[in-house]
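Peer 1: here are the coordinates; sequence isn't available:
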């Protein structure tokens with residue numbers, strides 16, 4: 001079979017071989033339940049706690065603030081539900097371009113009458129309007145949860161975490177940020193970041209699927225989202241995903257060590273693709289703010305809609321090129337992207353997201369652009 005070109009790394013990344021090596025012993029011989037009191041269990045417990053310390057050190061948090069979960073979706077659900085049910089938030093401010101893990105959760109709470117839901121305005125390039133956020137917070141004395149993603153998974157736009165955190169602090173709001181696209185891709189200093197909750201998912205930075213983390217600032221106390229056991233210091237019931245947790249910590253460690261080199265190389269690939277598309281395909285438009293405050297891993301491109309380009313993703317797939325029309329988390333029936341609809345909604349264009357990793361090359365970009373010229 002012809003080699004596939006994989007340009008959908010914002011959906012998931014290939015597992016790093018060093019991460020797999022770190023996980024294997026905990027699948028084979030060190031398989032004890034971390035809650036067991038005999039040596040097999042103690043060995044597993046030690047692995048989980050060492051992973052927690054490693055993640056905390058990298059994010060500059062306290063180990064007691066790091067909780068392991070099944071992924072970003074569970075982490076965001078836990079934080080949002082906790083803010084409403086335990087921290088007294090009766091109002092939620094979010095944006096229309098959040099990941100569905102956030103949007104569907106806040107809509108559910110709003111429909112149940114547990115909180116009022118307000119959407120912050122977006123600027124024409126898709127960034128959050130901070131002045132509108134401040135006006136919304138100043139406008140109400142209700143305890144408010146602000147939930148805004150650090151980087152958009154479809155267009156790559158990045159929030160100024162510190163600026164938004166300071167606005168929230170000024171109005172005594174709880175601040176949750178979905179950082180699934182940025183943990184493992186940017187340095188964090190949580191000691192110096194005014195945020196109550198952030199999230200991470202291992203498979204976004206060459207770790208395993210089915211494992212994530214939730215940071216809960218030590219100044220807030222919420223109840224568990226999943227009940228039935230005292231794991232994760234009484235915060236999340238259920239036997240820990242031992243080898244997943246070990247893999248998560250290892251992947252984060254490798255991503256942090258390689259950050260300077262990898263981020264530079266991937267940013268170069270993104271820029272190369274922008275230049276080549278501009279040069280070779282008339283009428284292409286780049287969505288969001290790709291040359292400004294943006295993920296170096298994501299490029300969202302709108303192509304002019306023609307009979308041929310309407311089947312673009314399908315034709316790319318036939319040609320062994322993996323890309324996405326929106327979030328892969330809601331794949332199946334292609335509903336179009338709620339993010340693109342919220343910002344541009346131009347029916348004369350077809351949007352495709354290309355997302356890159358350290359395993360991609362500029363040669364692959366050249367091959368994809370060549371194929372796009374043919375298909376569009």
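Peer 2: In hand now; what should we look at? What you are looking at is a predicted structure, and each value in this text was computed from that prediction instead of being measured.

Peer 1: switch to C-alpha atoms for all contacts and neighbour counts from now on
Peer 2: Fine.

Peer 1: this structure: strands as residue ranges?
Peer 2: 5-6, 66-69, 91-94, 116-119, 144-147, 174-177, 197-201, 212-216, 285-286, 298-304, 321-322, 349-355 (DSSP state E).

Peer 1: now the third one: average pLDDT?
Peer 2: On average, the pLDDT along strand 91-94 is 98.

Peer 1: which residues touch residue 351?
Peer 2: By C-alpha atoms under 8 Å, 6 or more residues apart in numbering, residue 351 lies in contact with 300, 301, 302, 303, 325, 326, 340.

Peer 1: do residue 287 as well
Peer 2: Taking C-alpha under 8 Å, 6+ apart, one finds 125, 155, 299, 300, 301, 302, 340 in contact with residue 287.

Peer 1: now do residue 173
Peer 2: Going by C-alpha under 8 Å, 6+ apart, the list of residues near residue 173 reads 137, 143, 144, 145, 146.

Peer 1: so which of those residues comes closest to residue 192?
Peer 2: residue 146 (18.6 Å; C-alpha to C-alpha).

Peer 1: what's the local residue count around that closest one?
Peer 2: Neighbourhood size, residue 146 [other C-alpha atoms under 10 Å]: 26.

Peer 1: what's opposite it in the beta bridge?
Peer 2: Per DSSP bridges, the residues bridged to residue 146 are residue 93, residue 175.

Peer 1: ok, it touching residue 174?
Peer 2: Yes: here residue 146 reaches residue 174: they are 6.1 Å apart, a contact under C-alpha atoms under 8 Å.

Peer 1: overlap in contacts, these two.
Peer 2: residue 168.

Peer 1: do a quick rundown of the helices in the stretch 201-350 of the chain.
Peer 2: Secondary structure of the stretch 201-350 of the chain (DSSP state H, counting those that start in this stretch): helices located at 231-234, 242-257, 259-280, 312-318, 338-343.

Peer 1: mind listing what's buried along the second one?
Peer 2: The neighbour-count criterion (16 or more other C-alpha atoms under 10 Å) identifies 242-256 as the buried residues of helix 242-257.

Peer 1: show me the two of those that sit farthest apart.
Peer 2: Among the buried residues of helix 242-257, 242 and 256 lie farthest apart (C-alpha to C-alpha), at 21.5 Å.

Peer 1: list the contacts of residue 133.
Peer 2: 120, 121 are the contacts of residue 133 under C-alpha under 8 Å, 6+ apart.

Peer 1: state the distance from residue 251 to residue 342.
Peer 2: With distances taken as C-alpha to C-alpha, to the nearest Å, residue 251 is found 34 Å from residue 342.

Peer 1: quick one: stretch 127-147 to chain centroid distance?
Peer 2: In terms of C-alpha atoms, centre = their mean, to the nearest Å, the centre of stretch 127-147 is found 22 Å from the chain centre.

Peer 1: quick one: end-to-end length of that stretch, please.
Peer 2: Stretch 127-147: ends 14 Å apart by C-alpha to C-alpha.

Peer 1: same deal with stretch 142-162?
Peer 2: End residues of stretch 142-162 are separated by 23 Å (C-alpha to C-alpha).

Peer 1: over to stretch 223-238?
Peer 2: 15 Å.

Peer 1: in it, what's buried?
Peer 2: 223, 224, 231, 232, 235, 236, 237.

Peer 1: what mean pLDDT does that stretch have?
Peer 2: Per-residue scores along stretch 223-238 average to 96.

Peer 1: so what touches that stretch?
Peer 2: Residues external to stretch 223-238 that are found in contact with it (C-alpha under 8 Å, 6+ apart): 35, 67, 68, 69, 77, 78, 81, 82, 86, 239, 240.

Peer 1: now, which of the buried residues of stretch 223-238 sits nearest residue 57?
Peer 2: Using C-alpha to C-alpha, the buried residues of stretch 223-238 come closest to residue 57 at residue 232, 17.9 Å.

Peer 1: where's the closest one relative to residue 360, distance?
Peer 2: 36 Å.

Peer 1: residue nearest the centroid of this protein?
Peer 2: Nearest residue to the geometric centre of the chain (C-alpha atoms, centre = their mean): residue 180, 2.3 Å.

Peer 1: number of residues surrounding residue 303?
Peer 2: For residue 303, the number of neighbouring residues by other C-alpha under 10 Å comes to 22.

Peer 1: likewise residue 25?
Peer 2: When neighbours are counted by other C-alpha under 10 Å, residue 25 comes out with 12.

Peer 1: for residue 111, same thing?
Peer 2: Residue 111: 11 neighbours (other C-alpha under 10 Å).

Peer 1: again, but for the one 10 residues further on
Peer 2: By the criterion of other C-alpha under 10 Å, residue 121 has 18 neighbours.

Peer 1: what sits against it?
Peer 2: 95, 128, 129, 132, 133.

Peer 1: quick one: buried ones out of these?
Peer 2: Buried among these (16+ other C-alpha under 10 Å): 95, 128, 133.

Peer 1: any low-confidence regions in this protein?
Peer 2: 1-2, 326-335 (pLDDT under 70).

Peer 1: care to break it down by domain?
Peer 2: 5-14+259-375, 17-257 (automatic domain parsing).
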